[in-house]
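Visitor: Predicted model and sequence below, questions to follow.
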Amino acid sequence: MKARNGYAQSTSGICDIVKFDDVGGRFGSDAFYQIIVNDITVEADAKEFSFLKEGTYKCTIQYGENSHSLIDIQLN
């Protein structure tokens, strides 16, 4: 599978999900989630993945190999 920025990778395990509110300047602010699983850290746009909640879950993720951006997440 080809991701937007390189090939997609996937991994499963215990995900720690943390939300960051990045207060921007005059262009507004962007919030994002940081997901850590098996020593891999990926980022997810808070608008695109608005269903995510902070916490620790069992999950499977797909992410861009080069960009480390979340493509898909399945919470178990």
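Guide: Sure, I can see it. Numbers count the residues shown, from 1 in each chain.

Visitor: drop to CA atoms for contacts and neighbour counts, all remaining ones
Guide: Noted.

Visitor: Quick check: next helix or strand after the longest strand anywhere in the chain?
Guide: Ranked by residue count and defined by DSSP state E, the top strand of the chain is strand 6-22. Past strand 6-22, further along toward the C-terminus, the next helix or strand under DSSP states H and E is strand 30-37.

Visitor: orientation of that following strand relative to strand 6-22 in degrees?
Guide: Orientation check (axes from the mean of the first three to the mean of the last three C-alpha atoms, to 10 degrees): strand 30-37 against strand 6-22 gives 120 degrees.

Visitor: Next, the angle strand 30-37 makes with whichever helix or strand comes after strand 30-37.
Guide: If you walk from strand 30-37 toward the C-terminus, the next helix or strand you reach (DSSP H and E) is strand 40-45. If you take the same axes, to 10 degrees, strand 40-45 sits at 150 degrees to strand 30-37.

Visitor: Going by contacts, tell me the helices and strands next to strand 40-45.
Guide: Strand 40-45 makes packing contacts with strand 30-37, strand 70-75 when contacts are defined by 3 or more C-alpha pairs under 8 Å, 6 or more residues apart in numbering; DSSP states H and E.

Visitor: Need the residues that contact that strand.
Guide: Where contact means C-alpha atoms under 8 Å, 6 or more residues apart in numbering, the residues beyond strand 40-45 that reach it are 31-36, 63, 68-70.

Visitor: Just the buried residues of that strand, please?
Guide: Neighbour-count burial for strand 40-45, counted by 16 or more other C-alpha atoms under 10 Å, picks out 41-44.

Visitor: Take these and lay them out in TSV including distance to residue 56 and pLDDT.
Guide: Output for the buried residues of strand 40-45, formatted as TSV (distance: C-alpha to C-alpha, whole Å; pLDDT from 0 to 100):
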residue	distance to residue 56	pLDDT
41	14	96
42	15	96
43	15	95
44	16	95
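
Visitor: Among the residues you listed, which one lies nearest to residue 15?
Guide: Compare each of the buried residues of strand 40-45 with residue 15 using C-alpha to C-alpha and the shortest gap goes to residue 41, at 9.6 Å.

Visitor: What residues are bridge-paired with the closest one?
Guide: Following DSSP bridges, residue 41 is listed with bridge partners residue 36.
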